[in-house]
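Everything below, folded, please.
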Amino acid sequence: MRSCLSTALLVIVTVAAPEPAVASSPAPDQPIEPIPVTIARYDFNGLPSSIVDESGNGHNLRVLSVGGGQVRPVVHGPGTALAFPGKCTGTVCPHVALQSTISADLNPGTRDIGFGADVLLAPGQTSPGQNVLQKGYSRANSQYKLQIDGTAGHPSCVLVDVSRPTIRIARSAVGTADGRWHRLRCERTGDRLEIYVDDVRHGWTTVPATLAVSNNRPLTIGAKGAYRDNDQFNGVLDNVWVRIG
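The predicted structure follows:
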């Protein structure tokens, strides 16, 4: 994580034959639990220049790049994944990000939210901060984010409220920069934010039940944008998704 954290407070917690069942309707005063909806999903099995939202909600992605930055398809299982530019320490480096259009239905507000991706990052490709996906900025207008930080490549989940700059982080106790595929998942349920690596919880933190994420920014994948100091992801991504409710 970069300079955007310098003015914000960090809050981290690491660490006989049965009778057939008869369906019944909830009592009139019994609340109906909301059904989670996959609001965006990207399997990257088509052309890199035309990335379709497989959820059917129309949040298709465009490629933003400078300095020769590009994404390229690589084989992953029965389909393909997208490789992003490798680590660069030069003065001019390739930068690339995938960006959706701005859409209010990508904002969870105070509702539960889950988001994640399959990632592959080599040990020599780590950096202080690499963004897998994010919507919004921590100092400007609220945020949810999945990132991989530091030499050991520890993934973490971030939530920032729309009216308070406190950055809430659930950081994984295990690293994932080992040149192997890992499935990362962030889950906000009520007042708890958890991070899962390969379907095992490896970190969590508490968040206010009233924490709301709502902003007019697009969803971006692989970096904050295509500019310098963009927290460029330097590995391979597949099966990126966002679920709300």
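
doesn't residue 212 make contact with residue 109?
Yes - using CB atoms under 8 Å, residue 109 makes contact with residue 212 at a distance of 5.0 Å. The C-beta positions use only the backbone N, C-alpha and C, and glycine is treated the same way.

more neighbours, those two?
Under the criterion of other CB atoms under 10 Å, the comparison of residue 109 against residue 212 puts residue 212 first, with 18 against 13.

Helix or strand with the lowest mean pLDDT in this protein?
One helix or strand of the chain scores below all others by mean pLDDT, DSSP states H and E: strand 10-12, with a mean of 47.

Now do the buried residues in the very next helix or strand once past it.
Using DSSP states H and E, the helix or strand that directly follows strand 10-12 along the chain is strand 37-42. Within strand 37-42, the residues that qualify as buried are 38-42, counting by 16 or more other CB atoms under 10 Å.

residues making contact with strand 37-42?
51-55, 57, 59, 61, 98, 100, 105-106, 219, 221, 239-245 (CB atoms under 8 Å, 6 or more residues apart in numbering).

Which of those fall in strands?
Among those, the members falling in strands (DSSP state E) are 98, 219, 221, 239-244.

hmm, which of the residues you listed are the buried ones?
Buried among these (16+ other CB under 10 Å): 98, 219, 221, 239-244.

Let's have those in TSV, adding pLDDT.
Below are those laid out as TSV (pLDDT from 0 to 100):
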residue	pLDDT
98	98
219	98
221	98
239	98
240	98
241	98
242	98
243	98
244	98
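
ok, so of the residues you listed, who is nearest residue 201?
Nearest to residue 201, judged by CB to CB, of those is residue 243 at 16.9 Å.

Could you report the neighbour count for the nearest residue to residue 235 once chain neighbours are set aside?
Computed as CB to CB, 6 or more residues apart in numbering, the closest residue to residue 235 that is not its neighbour in sequence is residue 121, at 3.5 Å. Neighbours of residue 121 under the rule other CB under 10 Å: 28.

And the pLDDT at the closest residue to residue 172 other than its chain neighbours?
In space, and not counting its chain neighbours, residue 172 is closest to residue 202: 4.2 Å by CB to CB, 6+ apart. If you check residue 202, the pLDDT there is 98.
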